[in-house]
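*Asks:* Generate a structure from the sequence data that follows.
(chains A and B)
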There are 2 protein chains.
Amino acid sequence: MKVLLVFAHPEPRSLNGALRDVAIRELEAQGHEVRISDLYADGWKSEVDRADFPSWPPEARFLPAGASKKAFATNTLTDDVKAEVDKLLWADTLILQFPLWWYAMPAILKGWVDRVYAYGFAYGVGEHSDKRWGDRFGEGTLAGKRAMLIVTTGGWEEHYSARGVNGPIDDLLFPINHGILYYPGYDVLPPFVVYRVDRFGEADFEPVAERLRERMRTLETTRPIPYRQQNGGDYHIPSMQLRPELGDPGAAGFALHEDRAGATAKSATPRSTLRDVA
Amino acid sequence: MKVLLVFAHPEPRSLNGALRDVAIRELEAQGHEVRISDLYADGWKSEVDRADFPSWPPEARFLPAGASKKAFATNTLTDDVKAEVDKLLWADTLILQFPLWWYAMPAILKGWVDRVYAYGFAYGVGEHSDKRWGDRFGEGTLAGKRAMLIVTTGGWEEHYSARGVNGPIDDLLFPINHGILYYPGYDVLPPFVVYRVDRFGEADFEPVAERLRERMRTLETTRPIPYRQQNGGDYHIPSMQLRPELGDPGAAGFALHEDRAGATAKSATPRSTLRDVA
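*Replies:* This next block holds a predicted model:
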């Protein structure tokens, strides 16, 4: 297996750095090829701007999506972006690793998404008709590949539980898991989350490291989150609303977009345990 | 009133640029003072890194939160960050304006949050005890001030509706409204969202501009989203879980953290219309 790990922490001697090394060692021990995009070490540029599109006329009004479309089509993306696109095409598994800052990715990783996810590559793919609304949400350039998050957070697990004040972790990560990873086609594995890392001691490390090793050993067999394919019949086109007869009666918001009944029928594994099946 | 508008679009001749100018003109016509942080024009640095903390020992392991705490306490934050902190203290209303890219803020704006929200200023404020879990979620340095989002998106309003494939817009914006604005104390107004901006024509502009002017005229009177105060008794401390008897029986996820019953009791205004009350 070929694994790309995108790493977004400024300090290699951090818990994130240590967990990254644990993941790499285990993947290599399993015989996988691993490549790393270490965004801070590489001096990654975070901002989408005109300098990303040298072929866009300097006097023209700058249209981010239009410029991206043109640059991807004419192979004039900047070299740093091209290199990441090539890595995404190379890898059959993508791991994004980051500390949760303000309930979202650090800016540098958001900037990796904003810049690498070019029009024609990650979005603007496929036909729009009364049958299909582009190749996205389960289809797309990266379909058939797997992706997962490795996330650390200072808050307690309870604070991110179903009734915790921060909001449920699965909902906080939905814009990434569904909106960034599932969108261009990835099968998205349950995230690996480490809580209370601000007071992490020596004794806390090994159990977490072993849990991570187990996730790395089972990357190929872990069941993805059962998101619904956009063009599979569950949504009205073009309103893209879930058909009224679908979804658990009690479900609302993001949870509607998982086909839990279908997933359970296939495996009889209740969803609450999916997250812990390594 | 003193209004700070933080603007995160790379092209002044964009729809975002035009809407920003509409907002500023209306605010000034109402006699308000307006200051702008134009992140692209100012060349804002997006990445939290060691260079942000010149007083952090060069050979020491870099701890982002620890370095932020020390720098805020000793007044050694970098000048660009200090200027933004001062603007936040000056303003009684904060507006964040941005295009929704990949269901979140552009990296440059996330980098403004990551860097300006210093430890001791926006978090790490107040006592932790069996009665209080810090001054946050409704309390904090910025309590008593108001904040709102102005957001543009290429997708259709239906795609962001309760059953839309993207997820509901209120849920997608919750990590910002609740996690970034309410956290340090802001009263958060319903967001101003413009959809389908990729095909926005001349004729589409004026109705949207007028809707925005009306929101600017009513900044002081619009009712905030009724988020629950963390330390007001609704949450168990320290698990920070909403007490089991609270929340609509049908509510789940982010929606639990709004006290809709309380808000309705106070005003008899159903929440679904709150968003449109300008």
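
*Asks:* Briefly note if stretch A:9-22 comes near chain B.
*Replies:* Yes: Stretch A:9-22 comes into contact with chain B (C-beta under 8 Å from any C-beta of the partner chain), by way of A:10-11, A:13-14. In this view, the C-beta of every residue, glycine as well, is placed from N, C-alpha and C.

*Asks:* Output those residues in JSON lines; the columns should cover secondary structure.
*Replies:* As requested, the residues of stretch A:9-22 next to chain B are arranged in JSON lines below (DSSP: H, G, I helix; E, B strand; the rest coil):
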{"residue": "A:Pro10", "secondary structure": "coil"}
{"residue": "A:Glu11", "secondary structure": "coil"}
{"residue": "A:Arg13", "secondary structure": "coil"}
{"residue": "A:Ser14", "secondary structure": "coil"}
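
*Asks:* Just the buried residues out of those residues, in PyMOL syntax.
*Replies:* Selecting the buried subset of those in PyMOL, with 16 or more other C-beta atoms under 10 Å in any protein chain shown as the burial test, is done by:
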select buried, chain A and resi 10+11+14
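
*Asks:* Mind putting the residues of stretch A:9-22 next to chain B into TSV with pLDDT and distance to A:Gln30?
*Replies:* Formatted as TSV, the residues of stretch A:9-22 next to chain B follow (pLDDT from 0 to 100; distance: C-beta to C-beta, whole Å):
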residue	pLDDT	distance to A:Gln30
A:Pro10	98	29
A:Glu11	98	27
A:Arg13	96	26
A:Ser14	96	24
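
*Asks:* any idea which of the residues of stretch A:9-22 next to chain B is closest to B:Leu27?
*Replies:* Set against B:Leu27, the nearest of the residues of stretch A:9-22 next to chain B by C-beta to C-beta is A:Pro10 (37.3 Å).

*Asks:* Neighbours of the closest residue to A:His128 other than its chain neighbours, how many?
*Replies:* Nearest residue to A:His128, sequence neighbours excluded (C-beta to C-beta, 6 or more residues apart in numbering or on different chains): A:Gly134, at 5.7 Å. By other C-beta atoms under 10 Å in any protein chain shown, 17 other residues sit near A:Gly134.

*Asks:* which residues touch A:Gly134?
*Replies:* A:123-128 (C-beta atoms under 8 Å, 6 or more residues apart in numbering or on different chains).

*Asks:* Kindly reformat the residues of stretch A:9-22 next to chain B as JSON lines containing distance to A:Arg260.
*Replies:* Formatted as JSON lines, those follow (distance: C-beta to C-beta, whole Å):
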{"residue": "A:Pro10", "distance to A:Arg260": "38"}
{"residue": "A:Glu11", "distance to A:Arg260": "39"}
{"residue": "A:Arg13", "distance to A:Arg260": "41"}
{"residue": "A:Ser14", "distance to A:Arg260": "36"}
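
*Asks:* Residue nearest the middle of chain A, spatially speaking?
*Replies:* In chain A, the residue lying closest to the centroid (C-alpha atoms, centre = their mean) is A:Leu181, at 3.9 Å.

*Asks:* Torsion angles phi and psi at it?
*Replies:* Dihedral angles of A:Leu181 (phi, psi; degrees, to the nearest 10) stand at phi -90, psi -50.

*Asks:* just checking, it touches A:Leu189?
*Replies:* No: the pair A:Leu181 / A:Leu189 is not scored as a contact, 9.3 Å apart, by C-beta atoms under 8 Å.

*Asks:* all helices of chain A, in order?
*Replies:* Assigned by DSSP state H, chain A shows helices spanning A:15-29, A:64-73, A:79-90, A:107-116, A:169-176, A:202-217, A:260-267, A:271-274.

*Asks:* what would those helices look like in CSV with mean neighbour count and mean pLDDT?
*Replies:* Formatted as CSV, these follow (neighbours: other C-beta atoms under 10 Å in any protein chain shown; pLDDT from 0 to 100):
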stretch, mean neighbour count, mean pLDDT
helix A:15-29, 18, 98
helix A:64-73, 19, 97
helix A:79-90, 15, 98
helix A:107-116, 25, 98
helix A:169-176, 24, 98
helix A:202-217, 15, 96
helix A:260-267, 14, 63
helix A:271-274, 13, 39
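
*Asks:* Out of these, which is closest to B:Asn166?
*Replies:* Closest to B:Asn166 of these, according to C-beta to C-beta: helix A:169-176, at 9.0 Å.

*Asks:* elements contacting that closest one?
*Replies:* strand A:146-152, helix B:169-176 (3 or more C-beta pairs under 8 Å, 6 or more residues apart in numbering or on different chains; DSSP states H and E).

*Asks:* now the residue lying closest to A:Asp171 once chain neighbours are set aside: how far from B:Phe174?
*Replies:* Leaving aside its sequence neighbours, A:Asp171 sits nearest to B:Gly253 (C-beta to C-beta, 6+ apart; 4.9 Å). Relative to B:Phe174, B:Gly253 is positioned 9 Å away (C-beta to C-beta, to the nearest Å).
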